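Undergrad: Structure, please.
(2 chains)
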Amino acid sequence: MKKNLNFLFKFVCLVLFLFFVTACSVAPWERGNLAKKNMQISPNPVRSYLRSHVFDSKEASSGGYGAVGGGCGCN
Amino acid sequence: MAVTKVKKKGNIALLALSSVAMGLPGISAKAAVPVAEPEANVQFGYYKEEGDRMEAEVYHGDFIVPINDFFEFSFSYDWDTYVGATPSYSAPQVMTDVVVAASGEDRTPGLIALDLSAAPDAGKARLEAIANGVVGRQVAIAGFEGVINRDITDFNPITLFQVQPRENRDMPIFGAKFYLGDVTIGLSSGVSLEPDFESTFGSINMGWELNNKLTTLSAGYGLTLNDIIRTAGSSGGHHGGGGDENAEDFTAESTFHSINAGLSQVMGKNTLFHLNGSYSNQEGYLSNPYKLVYVRGEITADEYLDALIDSFANDGKVGFSEATSLEAVGPDLFREKRPDERQQWTVSAGINQYIPSLDASLHFDYRYYMDSWDINSHTFEFSWFQNLPQGITVTPSIRYYSQSSADFFAPYFLAPRADGNYSSDYRLSGFGKLSGGISISKQFAKGVRLDAGIEYFSHRGSLKLGGNGVDSYADIDSYLISGSLNVNLASLGRATGSYSQHNMHASHGAHPPAGVMFGHMLGKAGDIMIAYNYMYSDWSGGIQSGIVGNVSEQTIISKACGPAECTFNPKEMIMHMHMFNFMYAPTDWLNLMVMPQILDMNMEMNPLPNSGEDEGGEHVSSGLGDTLIVALVKIFDVDTHHLHLGVGVSAPTGSIEATFDDTESEDSDLQSYGMQVGSGTWDLKPSLTYNGNSDDWFWGAQITGTKRMQSKNKLGYILGDEIQGSLWGGYQVQDWFSVSVRNIYNAQGRVRGEFNRIIPPTNPLTEPQPTSLENPSNYGGQFWDIGLGINFTVPRGEFAGHSLSFEWLQPVIHNYNGYQLERDGSLSIRWGYAF
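TA: Residues are numbered from 1 along each chain as shown, chains lettered A, B, ... in the order given. Sure, this is the predicted structure:
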């Protein structure tokens, strides 16, 4: 468990580091591509929910994307 | 009646949380959009495991509506139905006969062990001999040990399955979202209802846009309260080893708390990065009440013997509470037990990269998961969204998942564990899973999108990262198919506007009454219509024959069931039919239409005097029905007269294997012809429709038919052919309201052939009794009905193009083939939207 927590901590630090060194400014008129549907975190949320429903029913892990669903119905 | 039920209800909290989170500006790259536009989605999903394992149908519908500039409301409804075999437990090969004996009539663990060590009916005498010292205790114990502690040479386990009877789940969720400048607050709450698992959940989420909307922070909290209910004999366990018919009634609770925090960051004009973390704490009953484990040594031969001897003083009831805290269900077979607390952590990160030269987007996501049960997992996912001309997007994707096993998992246990926790649920084993899929999306103008996708999964012990996965006995392949329709109601309104007026005209004034199918065509090329039809039908009030009205019970007994005597009688049948209609006009003269349907039927039975029974029974069937695919061709279209021809095919997508025990197993007795949701045959559906209108009056006529194109379906029968004629007239009272009257004649043939699957009787007490429903001659007839209808349309404004119609069909004259329940009438409701 402790080893896992260490791994987690290092991973978060690495990601934050990458984030701060690379973040840059993008003017509002340059955000056209970012606004495209397929650039959204979940371009098809209804399908993402269905897939999460299957994964959560068949795997021991769950959650974590901030955009996953779950429930039951698959044995 | 679920067999395997401790599912990840905690995720429902996350779902609630995430359904709100997904709408948060920060979660979306379109951070500038203040309020979501009104939008609706419907989706169908089908999941299937290879062999006779689980299959599930998942239906989803939702809508989201902005109420004003800072508040929006959402609602979603999920309905799942699932059936199939699922692993119950596994055991060493050499112990198979011992543990499988546990599914016999007498499953008292010690007695089974004793019976195996002595002559079957000598058990009690032998016990008395032991208790009285006639047989030495050591001799008896040695006999027990010879059975329960056999040497194991082949460690490969054998897996025993249970059959999950068909079961449904309902899940409504309400949501509200408040937009307060850079801050968004979402609230959500819902319930998930199954016969043996009820879950109530709620969540609050916040999003905060900062750094000139380049950065968004989000945080949320979710609470889930679960009630687990297991009733005795509620698992259909007789199909597998170690069922639950001797199980005690049982209720338990669990509570999940989840928190979630996220960050999304614009990294450049083509790059979005996101990071998410979550923590969840689960407390209470976290085991699966239907999964079993084999544990050798949890009860020793000594303890088995003592418990049996004690049973003499306890009315023959054998208790093991002194020997174990586990619930014993067979020799060395127990209900699984998981820790009553679980803590879960996740971190995930993803990057979305737009590639301008290819007009494509690449998504890469990774998630790390770990929990206090010593499970950790890695998930990698890669998707390529390729935009193509004409609003088409093709998305191939690959996913790899690998997890380590829970510290209390094993296929079977050869010694007790110190902490008393055991599970052989392969979902807690170490394994890897590789999947690949492709989805296609087509964006139509006017805010309508269709999506379809398929994904194939390979679950393998050998695919686990770093090896040491569970053996191949748990390997399984499965697939998921889905299709969905997304409608942006606001862009529909913008796109149609005054056009909808034209559309109203083009569709011949008022719509035909709600019960008329294929009744009108779209006005011009490019038009689209989506519609939902609901039909409620009821049959009750006695058994009728021909045109004579109710017949006596004695006639039913002697004549309605053919050569056999009827012993039960149908009392009432109720049918709910949901039809979803998507129609598109590629040219002015041609419309194409797809119509899937869902049926839900309920049949109540009464005993006849010769049955010797006091109480009746009830059975149900439900699921996806047959799917209609129709082409409508315009024949002529002048000012007041419109005629079109329909050529349709009905595809046999509905099941014809509904059984009385809901397992849909080939070994179970089939429900009657009328209770099957499908026809089992490809059918031809021609139609010819005339519509006329003048000033405020409208009228029409239609003839439709159903011709079975096969001589029998796979179960050896076909439903009768059908022909229907319909004549109607109506008056447009206001531009938004009309009334109609319709006269309908319908003739249907009897069922031809009969079920070719005969199940030999095993237990006369539980066998289905002969009823008139099983006789193919008691189907079809001639029927005259009168229909009274009202129709509302929205002629202008933001919701122009919507229509809502109701029609009640009242039976007037009938001529039943054979002996049938009286028709009480039916109600049709249709919502349609043409644009």
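Undergrad: Assign residue 48 to helix, strand or coil.
TA: You didn't pick a chain, so chain A it is. Following DSSP: H, G, I helix; E, B strand; the rest coil, the label given to residue A:48 is helix.
Undergrad: that's the wrong chain, I wanted chain B
TA: State at residue B:48, reduced to three classes by three-state DSSP: strand.
Undergrad: Let me see the contact set for it.
TA: B:54, B:55, B:56, B:478, B:479 (C-beta atoms under 8 Å, 6 or more residues apart in numbering or on different chains). Placement of C-beta: from N, CA and C, glycine included.
Undergrad: Out of these, which are close to chain A?
TA: B:54, B:56, B:478 (C-beta under 8 Å from any C-beta of the partner chain).
Undergrad: Quick check, the residue in the stretch 501-650 of chain B closest to chain A?
TA: residue B:623 (13.7 Å; C-beta to the nearest C-beta).
Undergrad: For PyMOL, write the selection for the buried entries among the contacts of residue B:48.
TA: Buried members of the contacts of residue B:48, defined by 16 or more other C-beta atoms under 10 Å in any protein chain shown, are picked up in PyMOL with:
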select buried, chain B and resi 54+55+56+478
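Undergrad: what's the following helix or strand after the host helix or strand of residue B:401?
TA: Assigned by DSSP states H and E, residue B:401 belongs to strand B:392-403. Under the assignment DSSP H and E, the closest C-terminal helix or strand after strand B:392-403 is strand B:431-444.
Undergrad: residues touching the closest residue to residue B:436 other than its chain neighbours, list them.
TA: Closest residue to residue B:436 in three dimensions, ignoring its sequence neighbours and counting by C-beta to C-beta, 6 or more residues apart in numbering or on different chains: residue B:398, at 5.3 Å. Shown in contact with residue B:398 (C-beta under 8 Å, 6+ apart): B:381, B:382, B:434, B:435, B:436.
Undergrad: again, but for residue B:298
TA: Counted by C-beta under 8 Å, 6+ apart, residue B:298 has contacts B:323, B:324, B:326, B:332, B:334, B:413, B:416.
Undergrad: what about 10 Å?
TA: Residue B:298 makes contact with B:320, B:323-326, B:328, B:332-334, B:413, B:415-417, B:420, B:422 under the criterion C-beta atoms under 10 Å, 6 or more residues apart in numbering or on different chains.
Undergrad: now residue B:51, what's its secondary structure?
TA: Per three-state DSSP, residue B:51 ends up coil.
Undergrad: Provide the backbone phi and psi angles at it.
TA: In terms of degrees, to the nearest 10, the main-chain angles of residue B:51 are phi 70, psi -150.
Undergrad: Do I have it right that the residue of the stretch 501-650 of chain B closest to chain A meets residue B:57?
TA: Yes. Using C-beta atoms under 10 Å, residue B:623 is in contact with residue B:57, at 6.4 Å.
Undergrad: shared neighbours of these two, which are they?
TA: B:81, B:83, B:168, B:598.
Undergrad: Could you work out the most separated pair of these?
TA: The span of the shared contacts of residue B:623 and residue B:57, defined through C-beta to C-beta, is set by B:83 and B:598 at 15.3 Å.
Undergrad: Between those two, which is the more surrounded one?
TA: Remark: of residue B:83 and residue B:598, residue B:83 carries more neighbours, 24 against 20, as counted by other C-beta atoms under 10 Å in any protein chain shown.
Undergrad: how about the helices in chain B?
TA: Counting by DSSP state H, chain B has helices at residues B:10-23, B:96-100, B:109-117, B:123-131, B:137-148, B:301-310, B:489-496, B:499-506, B:553-555.
Undergrad: what ranges do the helices span in chain A?
TA: Applying DSSP H to chain A gives helices spanning A:2-22, A:45-58.
Undergrad: show me where pLDDT drops low in the stretch 501-650 of chain B?
TA: Applying pLDDT under 70 to the stretch 501-650 of chain B picks out residues B:501-510.
Undergrad: what's the closest non-adjacent residue to residue B:716?
TA: Closest to residue B:716 by C-beta to C-beta, 6+ apart is residue B:756, at 3.1 Å.
Undergrad: Check the gap between the one you found and residue A:48 for me.
TA: Remark: distance between residue B:756 and residue A:48 (C-beta to C-beta, to the nearest Å) = 43 Å.
Undergrad: How about the contacts made by residue B:741?
TA: Counting by C-beta under 10 Å, 6+ apart, residue B:741 touches B:513, B:727, B:728, B:729, B:730, B:731, B:786, B:787, B:788, B:789, B:807.
Undergrad: doesn't residue B:738 make contact with the last one?
TA: No. Look at residue B:807 against residue B:738 with C-beta under 10 Å: they stay out of range, at 11.8 Å.
Undergrad: Now for the two: what residues contact both?
TA: With C-beta under 10 Å, 6+ apart, residue B:807 and residue B:738 have common neighbours B:513, B:789, B:790, B:791.
Undergrad: can you pick the most crowded of those?
TA: Neighbour counts for the shared contacts of residue B:807 and residue B:738, by other C-beta under 10 Å, peak at residue B:513, which reaches 30 neighbours.
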